[in-house]
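Student: let's see this in three dimensions:
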Amino acid sequence: MGPSAPVLTGAGVGATLNWMVQYSALDATFAALADPTRRGILRRLGDGACSISDLAELFEMTLTGIKKHVRLLEEAGMVVTEKRGRVRYCMLGTNALEREVAWIRDYQLSLEGRLDRLDEFLNRTEGTS
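Tutor: The predicted structure is shown next:
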């Protein structure tokens, strides 16, 4: 037999996987929000459900083009679609952006802490050169 592979413990692997999953979900949301058309779709759906055909007309896009945007919003949990007869309708999904807001808040606190430390350093070293 060849050399044995290192054994991975559950705690470390789970923690890493958990972060990867969280960042994957964040990536999907931020990618969805990065496009002005998708933000416009979300704004429109804030007024109520809308057919994909009506969205295509509103945004002056082909059905194929608007469906790609809707699919990305669906993958991020921001939009759900439902077929009624021959028409597919879109409505806002359940992703209330709490996870994304929490990530932004954490990043902001981290950045503010760094800036505070820089300010303290500059105040301490002012006039010492």
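Student: where is the longest helix in the protein?
Tutor: In the chain, taking DSSP state H as the definition, the longest helix is helix 98-125.
Student: for that one, list every residue counted as buried.
Tutor: E100, W103 (16 or more other CB atoms under 10 Å). Using the backbone N, CA and C atoms, a C-beta is placed for each residue, glycine as well.
Student: closest to the centroid, which residue in the chain?
Tutor: In the chain, the residue lying closest to the centroid (CA atoms, centre = their mean) is T29, at 1.8 Å.
Student: the residue nearest to that one when sequence neighbours are not counted: how many residues sit nearby?
Tutor: Using CB to CB, 6 or more residues apart in numbering and skipping the chain neighbours, the partner closest in space to T29 is A76 (4.6 Å). Look at A76: counted by other CB atoms under 10 Å, it has 22 neighbours.
Student: got a list of what A76 touches?
Tutor: By CB atoms under 8 Å, 6 or more residues apart in numbering, the contact list for A76 reads A25, A28, T29, A31, A32, N95.
Student: repeat the analysis, applying 7 Å as the threshold.
Tutor: Applying CB atoms under 7 Å, 6 or more residues apart in numbering to A76 gives the contacts A28, T29, A32, N95.
Student: show me where the chain has its strands.
Tutor: Assigned by DSSP state E, the strands in the chain fall at 50-51, 79-84, 87-92.
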